[in-house]
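[1] here you go, sequence then predicted model.
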Protein chains: 2
Amino acid sequence: MEALAALADPTRRQIVALLADGEQGAGELAGQFPVTRPAISRHLRVLREAGLVRVRAEGQRRVYALDPRPLSELDAWLAPYRRLWAQRLDALDTEIARGRRARAPENGR
Amino acid sequence: MEALAALADPTRRQIVALLADGEQGAGELAGQFPVTRPAISRHLRVLREAGLVRVRAEGQRRVYALDPRPLSELDAWLAPYRRLWAQRLDALDTEIARGRRARAPENGR
DNA sequence: CTGATGTGTAACAGGATCCTTACGTAAACG
DNA sequence: CGTTTACGTAAGGATCCTGTTACACATCAG
C-alpha cells in the first residue's frame, strides 16, 4: 500500500487525474500547476517509485503515463470494508454486496 | 480526500483494520502495538479528525468505533479509474500506451 | 560545433510527522 | 478524601516532505 502515501498529496492526485485522460510530457504537465517544474519532477518521481506512472523517453521529452495497477491494489485493500457501508442499504440480504453499486454519500468531514 | 493522508500511515491502517472487527477502548487498542500509548492516542486523533473513527465515552474509558463514510468516499474517488484495469488485466501496457480513456475526477489542492 | 530546449538532480529552508517522556484530568474505588 | 485507572495533551527531538534556486546533461535546430 505504498500507493496510499503517494496519493496522500493533492498535487500528485491531480497529476494522476490528468494522466487518466492520456499521457503527457513532464513540462506540459508542470505547466498546469502553480509550483515550479522541479517540484513536479519530484512528484513524478514519487509516483514513479510507487508504480503509479511510467515514463517513456521520446526524444528529449519524457512522456508520462498512468499505470493503474497500484490503484487496483488500493481497490482490493478497500474491498473488505465495503460491507460496512453497503449495509446502509438494508432491507435486503447484504450477504454478498457484489454486483451492486454503492451510492456515493455526501461528503462528510 | 483527507482520509488518504490519514490512511497513509501503516499504524493507522492497522487501527482501522482492528476496528473493522468491532469497537475497542483506546488502551486496549494501544496494547496491540509496539509504540507507546500516547503515540496511539495521537493516531486516534488523526483518524478522528479525518472522520474515520468515532469516540464514545463509557465511564472513564474511551471506546472507538470505525466510521466507514470516508472509506466510502475513497471508494467513490476510485470509481472513475476502475475501468482502467477492469477490462484487460493482461494488456496493461497496450492500455497505457494508448491512453485517452476514462474521464478523471478532480482533486482539491 | 554552438546554442536553445526539456528534464532530472543537488543543496537548502520551512514546516509537518512520528516517537518518547512528563504531566494534567476525569471517573472509579476504598 | 487519597489512589488507582484510563486517557489526552505538552514539550522536545529526529526524520521526512515539499517547495525554491542553481546546476548538470542530454537532445534538437542551425
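    It's in. Numbers count the residues shown, from 1 in each chain, chains lettered A, B, ... in the order given.
[2] could you pull out the strands for chain A?
    In chain A, the segments counted as strands under DSSP state E are A:24-25, A:53-58, A:61-66.
[3] excluding chain neighbours, what is closest to the one residue in chain A that gets nearest to DNA strand C?
    Of all residues in chain A, the one sitting closest to DNA strand C is A:Gly27 (2.2 Å; C-beta to the nearest atom of the strand). The way it works is simple: take the backbone N, C-alpha and C, and place the C-beta from them, glycine included. Distances taken as C-beta to C-beta, 6 or more residues apart in numbering or on different chains place A:Arg37 nearest to A:Gly27, at 6.5 Å, with adjacent residues excluded.
[4] export the lowest-mean-pLDDT helix or strand in chain A to PDB, keeping only CA atoms.
    In chain A, no helix or strand scores lower on mean pLDDT, DSSP states H and E than helix A:82-86, which sits at a mean of 91. Presented in PDB, the C-alpha positions along helix A:82-86 are these (Å, rounded to 0.1, in the frame of the first residue of the first chain):
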ATOM      1  CA  ARG A  82     -17.200  -2.400   1.500                       C
ATOM      2  CA  ARG A  83     -19.700  -4.300   3.500                       C
ATOM      3  CA  LEU A  84     -19.600  -1.700   6.200                       C
ATOM      4  CA  TRP A  85     -21.400   0.900   4.200                       C
ATOM      5  CA  ALA A  86     -23.200  -1.500   1.900                       C
END
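[5] tell me how far it is from the chain's mean position?
    Centroid separation for helix A:82-86 versus its chain: 21 Å, with C-alpha atoms, centre = their mean, to the nearest Å.
[6] what parts of chain A come near chain B?
    Residues of chain A lying close to chain B (C-beta under 8 Å from any C-beta of the partner chain) are A:1, A:4-5, A:7-8, A:10-11, A:13-14, A:16-23, A:54, A:65-69, A:71-72, A:74-75, A:78, A:80-82, A:84-85, A:102, A:104-105, A:107-109.
[7] drop anything exposed from those.
    Buried members of the residues of chain A next to chain B, counted by 16 or more other C-beta atoms under 10 Å in any protein chain shown: A:1, A:4-5, A:7-8, A:11, A:13-14, A:16-20, A:23, A:54, A:65-69, A:71-72, A:74-75, A:81-82, A:84-85.
[8] which residue ranges of chain A form helices?
    Taking DSSP state H as the test, the helices found in chain A are A:2-7, A:10-20, A:26-30, A:37-49, A:69-78, A:82-86.
[9] and of these, who's closest to B:Phe33?
    Closest of the helices of chain A to B:Phe33 is helix A:2-7, at 18.6 Å (criterion: C-beta to C-beta).
[10] are that closest one and DNA strand C in contact anywhere?
    No. Judged by C-beta under 7 Å from any atom of the strand, helix A:2-7 and DNA strand C are separated, with a smallest distance of 8.8 Å.
[11] if you average the pLDDT over that helix, what comes out?
    Averaged across helix A:2-7, the pLDDT comes to 96.
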